[in-house]
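**Q** Sharing a model that was predicted from the sequence below.
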Amino acid sequence: MTIPLRVLDPAARAEQPSAGNPMAGCPVHKLREMLREAGLRPTRQRVALGWLLFGKGHRHISAETLYEEANHARVNVSLATVYNTLHQFTEARLLRELALDGAKTYFDTNVTDHHHFFVEGENKVVDIPHSDLHVEDLPVPPEGYEISRVDVVVRLRPKD
């Protein structure tokens with residue numbers, strides 16, 4: 001696997017820190033620490049993909065887009081490895097999975113409570129702050145269950 005030195009160098013820096021993103025502007029050793037705290041072994045592939053994911057601020061990304069970014073950064077991984085890593089990060093609660101528009105799945109680096117706009121035809125996902133949408137009158141869950149989260153997706157299309 002070929003990983004550029006900027007990914008492996010602990011002194012490497014991402015762009016300036018963004019609000020709520022623990023990785024923006026942090027050295028790679030912080031990413032390794034974040035993976036360990038989430039119960040994941042910080043393998044070279046996880047660190048490289050994690051740097052691509054979390055080093056650019058909050059965003060919504062598909063596995064295919066991350067795979068293209070990895071190839072562009074000369075991180076030699078298969079699409080299957082990208083999918084597996086994204087699902088491992090999701091299970092570790094480092095990402096949120098958003099199944100939108102049929103078979104299209106996005107992964108959100110912002111794991112805080114919030115909702116989404118989905119721009120139809122553009123495959124674009126935009127955050128809606130949690131405080132901007134109030135969901136009321138939720139149904140009572142079946143016996144033995146509780147509501148863990150409510151995800152609202154508001155679909156947008158251009159006006160005619």
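**A** Arrived safely, thanks for sending. Values in this document were obtained by computation on a predicted structure and should not be read as measured data.
**Q** Run through who's touching stretch 97-108.
**A** 53, 58-63, 66, 86-87, 89-90, 95-96, 116, 118, 120, 123, 125, 151, 153 (Cβ atoms under 8 Å, 6 or more residues apart in numbering). Every residue, glycine included, has its C-beta placed from N, CA and C.
**Q** buried residues in the longest helix belonging to the chain?
**A** The longest helix of the chain (DSSP state H) is helix 79-91. By neighbour count on 16 or more other Cβ atoms under 10 Å, the buried set for helix 79-91 is 81-82, 84-86, 88-90.
**Q** ok, back up a step: list buried residues within the contacts of stretch 97-108.
**A** 53, 58-63, 66, 86, 89-90, 95-96, 116, 118, 125.
**Q** For the chain, which segments count as helices?
**A** Counting by DSSP H, the chain has helices at residues 5-8, 28-37, 44-54, 63-72, 79-91.
**Q** Not counting residues beside it along the chain, what's closest to Leu40?
**A** Ala92 (5.5 Å; Cβ to Cβ, 6 or more residues apart in numbering).
**Q** what's the pLDDT at that neighbour?
**A** Looking at Ala92, its pLDDT is 96.
**Q** So what's the residue count around it?
**A** 14 (other Cβ atoms under 10 Å).
**Q** for it, phi and psi?
**A** Main-chain torsions, Ala92, degrees, to the nearest 10: phi -80, psi 0.
**Q** Contacts only, for it.
**A** Ala92 neighbours (Cβ under 8 Å, 6+ apart): 35, 38-40.
**Q** now swap in Tyr83 and tell me
**A** Ala63 are the contacts of Tyr83 under Cβ under 8 Å, 6+ apart.
**Q** What's the separation between it and Phe107?
**A** Applying Cβ to Cβ, to the nearest Å, the value for Tyr83 to Phe107 is 10 Å.
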